[in-house]
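Colleague: I would like the atomic coordinates for the input below:
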Amino acid sequence: MNKDIVFVDTSIYIAEKYFAPNNRILALRNLAGSGIINVVSTIITDKEVLKHFKDDVTAAWNDVTNNHRSLICFDTVRPFFKKSTKKDLLKMCDAIFNDFQQKAQVYSIGFKYCSDVETIFQKYFKGEKPFNEGKKKHEFPDAFVLQMLEQYCQRNGLKNIVVLSADKDMTSYASPYLIITDYKKYLTDKQAEAKTLEKIRKSIHDERDRICKEIQEKLETELYDRWLYSNLFNTEGLPDVEVKECRVHMGDDFSIISRNQDNYLIELQLISHCEVKCSYVNLDYATYDREDGTWYGGEWEDEVLKGEERFSIIVSFEDCGGTELTVESLDISEAIPSFQHSWDNDY
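Modeller: Reported below is the predicted structural model:
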């Protein structure tokens, strides 16, 4: 399942009071930080958000300091007036905004994706969206932003970008590349999805040892198949085999292949680490007697082969009742490493 690429319009930051605790902006940050969505912005939007944020903070500071000086009478409030200045708050605005950008892993689209100025002015003079009668000049940033998002999709082969906005002119804009949706509903749906993904992550964590042990046991049985090593040595017949080490490791990463109601098919990535001791008669310096069909001069040698292999399995997860993962598809041959001799480089 592909992750949504999401653009957050300035109007959402304003509606949610920017980065206030437990608001929807921070919910978006958490979804992006958890890898559920990818967030994109534009250079224009970044500057616009930061400007509105600082303007509103400045206005609030001026209101408090000019009209509510009586608050200094309270011991709990007085330190704020003594230690904080408007300059300090504006620096904090920069820090808070940059922290959000970093934690949400926001990719900002640059001006190179804004090259068709003629089309924007044609829309401006015709009064087409996002331009609105009476305040057309104020919609120029939106017009450039929408074009940047469209060109970013086109040039990078993306299907679409989800646009979250509370601006009526922007929400009524029609584009084959932009899915403009109600941000509250979108976040509600994504939060529900996030809860399911968290259940899947927990189940993978809880079931990791059990699944790895099952695969390890199957893999070890396969490793005793002497035919696996038949072409690795200059010998007659098949080598004797002893499995010295067989480990299977599963990471936390997963991808959802499909969903049928509450059942999910999930692909997991694993790595096998194996060491196998092979005992064989080395014929490198032996001679072959054609009359009696026998090799002479061969010597018994031991060789420890090492290998590592990355492979995947398919499991199912039921989002109701039990949370145990069920292995649906496993090709154990894919877990068998391409073994290397001891004189080769380590894996």
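Colleague: number of nearby residues for the residue nearest to R247 when sequence neighbours are not counted?
Modeller: Counting by CB to CB, 6 or more residues apart in numbering, R247 lies nearest to H273, which is 4.5 Å off, once chain neighbours are set aside. Every residue, glycine included, has its C-beta placed from N, CA and C. By the measure other CB atoms under 10 Å, the count of residues near H273 is 15.
Colleague: name the helices or strands packed onto the helix or strand in which H273 is found?
Modeller: H273 is part of strand 263-282 when elements are defined by DSSP states H and E. Counting contacts by 3 or more CB pairs under 8 Å, 6 or more residues apart in numbering; DSSP states H and E, strand 263-282 packs against helix 183-223, strand 240-260, strand 299-318.
Colleague: contact partners for the residue nearest to R247?
Modeller: Counting by CB atoms under 8 Å, 6 or more residues apart in numbering, H273 touches E245, C246, R247, V248, H249, G307, E308.
Colleague: how much space between the third one and K91?
Modeller: Here R247 is placed at a distance of 51 Å from K91 (CB to CB, to the nearest Å).
Colleague: after the worst-scoring helix or strand of the chain on mean pLDDT, which helix or strand is next?
Modeller: Every helix and strand in the chain was compared by mean pLDDT, DSSP states H and E; the lowest is helix 117-126, with a mean of 57. Per DSSP H and E, the first helix or strand lying C-terminal to helix 117-126 is helix 140-155.
Colleague: flag every buried residue along that next one.
Modeller: Of all the residues in helix 140-155, those buried under the rule 16 or more other CB atoms under 10 Å are 141-153.
Colleague: what of stretch 299-317?
Modeller: E303, L305, K306, G307, E308, E309, F311, I313, V315, S316, F317.
Colleague: next: stretch 208-225.
Modeller: Result for stretch 208-225 [16+ other CB under 10 Å]: buried residues R208, I211, C212, I215, Q216, L219, L223.
Colleague: would you turn those into JSON lines with distance to F100?
Modeller: Output for the buried residues of stretch 208-225, formatted as JSON lines (distance: CB to CB, whole Å):
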{"residue": "R208", "distance to F100": "33"}
{"residue": "I211", "distance to F100": "37"}
{"residue": "C212", "distance to F100": "38"}
{"residue": "I215", "distance to F100": "41"}
{"residue": "Q216", "distance to F100": "43"}
{"residue": "L219", "distance to F100": "45"}
{"residue": "L223", "distance to F100": "50"}
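Colleague: from those, which two are the most distant?
Modeller: Spatial extent of those (CB to CB) is set by the pair R208 and L223 at 21.5 Å.
Colleague: and the residue sitting furthest away from the middle of the chain, how far from E236?
Modeller: No residue in the chain sits farther from the centre than E291, which is 67.3 Å out by CA atoms, centre = their mean. Distance of E291 to E236, computed by CB to CB: 17 Å.
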